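**Q** how would this look folded up:
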Amino acid sequence: MAHPMSAQKPDLPTADSDGGRDEAMYRGLHAAIYELRLPPGTRLPEDVLSNTYGVSRTLVRKVLQRMAMEGLVEIRRNRGAQVAEPSADEAREVFATRRMLECGALAELPLPVPTAELQALRELVRQEDDAQLNGDRVAAIRLSGDFHIRLAALGGNATLTKLVRELVARSSLILATHGSPISVTCRHSEHEQIIDLLARGERQAGVAWMAEHFEHITRGLRWREQPLDLFSVLKGGDTPT
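**A** Numbers count the residues shown, from 1 in each chain. Next up is the predicted model:
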């Protein structure tokens with residue numbers, strides 16, 4: 001889609017469905033994970049999902065497999081499914097990929113950006129600012145993601161926008177897992193800066209801004225690595241520092 005987006009919440013990906021029931025389940029789970037109503041590590045029992053959405057366990061497994069391929073769900077043998085808990089390495093890869101995609105999108109962005117789109121971006125920044133001031137960490141993460149998706153969509157490249165949307169959903173789990181209480185997500189002041197650059201038609205400055213923006217995000221994270229091996233520590237192996 002090239003320009004005005006009618007809704008502030010990003011559209012979710014679509015897929016073939018059995019009477020629409022598996023698609024309804026996918027959309028419901030996707031939204032709950034993206035908005036962190038289902039935080040990282042939440043168990044996703046097949047029987048509960050089957051009863052909640054009125055679908056067979058076969059369809060439940062189909063949807064969970066789809067979400068596992070997108071990096072939103074982890075499926076472990078004999079332990080079932082749970083909302084993904086991204087590792088530090090996965091987190092670094094996701095943000096590095098987003099930097100490449102979103103900087104590339106800005107480099108190709110048609111100018112001038114319509115006033116209506118700039119106003120819509122400013123409204124998202126205002127809502128994000130309110131969420132941070134109110135201490136609503138979940139809403140701040142979601143609104144920051146919505147901003148980046150809408151920004152990526154300005155170029156009209158549906159394939160790129162879909163990729164950014166999927167990575168933004170994974171980023172919400174990364175921020176929930178590795179984000180510090182103070183550095184919740186993107187700095188809303190930086191979002192305001194990119195809008196100002198676009199309004200002035202300074203595309204290359206916008207590309208440089210985006211690269212630095214992702215550096216700020218990753219520097220603000222607190223990497224939670226794998227837990228220590230208790231046996232090794234107590235037996236004189238690994239020593240915590």
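**Q** contacting residues for the residue lying closest to Glu128 once chain neighbours are set aside?
**A** Closest residue in space to Glu128, ignoring its immediate chain neighbours: Leu143 at 4.0 Å, by C-beta to C-beta, 6 or more residues apart in numbering. No exception for glycine: its C-beta is placed from N, CA and C like everyone else's. Counting by C-beta atoms under 8 Å, 6 or more residues apart in numbering, Leu143 touches Leu124, Gln127, Glu128, Ala131.
**Q** Show me the two of those that sit farthest apart.
**A** Leu124 and Ala131 (10.5 Å; C-beta to C-beta).
**Q** show me where the chain has helices.
**A** Here the chain has its helices, by DSSP state H, at 21-34, 46-53, 57-69, 88-107, 115-133, 137-153, 158-178, 188-199, 203-219, 230-234.
**Q** Hmm, Ala140 is touching Glu128, no?
**A** Yes: judged on C-beta atoms under 8 Å, Ala140 makes contact with Glu128 at a distance of 5.8 Å.
**Q** who's more crowded, these two?
**A** Counted by other C-beta atoms under 10 Å, Ala140 and Glu128 do not tie: Glu128 has more neighbours, with 27 against 23.
**Q** How much space separates the more buried one from Glu35?
**A** Distance of Glu128 to Glu35, computed by C-beta to C-beta, to the nearest Å: 14 Å.
**Q** Same question for Ala81.
**A** To Glu35, Ala81 is 19 Å away according to C-beta to C-beta.
**Q** So those two - more neighbours on which side?
**A** Ala81 (22 against 16).
**Q** pLDDT weak spots in this structure?
**A** Applying pLDDT under 70 to the chain flags residues 1-19, 180-188, 223-241.
**Q** And stretch 140-159, how far out from the chain middle?
**A** Put simply, stretch 140-159 sits 10 Å off its chain's centre (C-alpha atoms, centre = their mean, to the nearest Å).
**Q** And that stretch, what's buried?
**A** Residues of stretch 140-159 classed as buried by neighbour count (16 or more other C-beta atoms under 10 Å): 140-155, 157.
**Q** Give the burial count for the residue nearest to Phe214 when sequence neighbours are not counted, as a bare number.
**A** Nearest residue to Phe214, sequence neighbours excluded (C-beta to C-beta, 6+ apart): Arg99, at 4.2 Å. By other C-beta under 10 Å, 18 other residues sit near Arg99.
**Q** Surely Arg99 is in contact with Ala208?
**A** No: checked against C-beta under 8 Å, the pair Arg99 and Ala208 is beyond contact range at 11.7 Å.
**Q** quick one on the thing from earlier: how about the helices of the chain in TSV, adding distance to Ile75?
**A** Converted to TSV, the helices of the chain look like this (distance: least, C-beta to C-beta, whole Å):
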stretch	distance to Ile75
helix 21-34	13
helix 46-53	11
helix 57-69	5
helix 88-107	16
helix 115-133	32
helix 137-153	24
helix 158-178	15
helix 188-199	35
helix 203-219	28
helix 230-234	26
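**Q** Next, the buried residues of stretch 56-65.
**A** By 16+ other C-beta under 10 Å, the buried positions in stretch 56-65 come out as Leu59, Val60, Lys62, Val63, Leu64.
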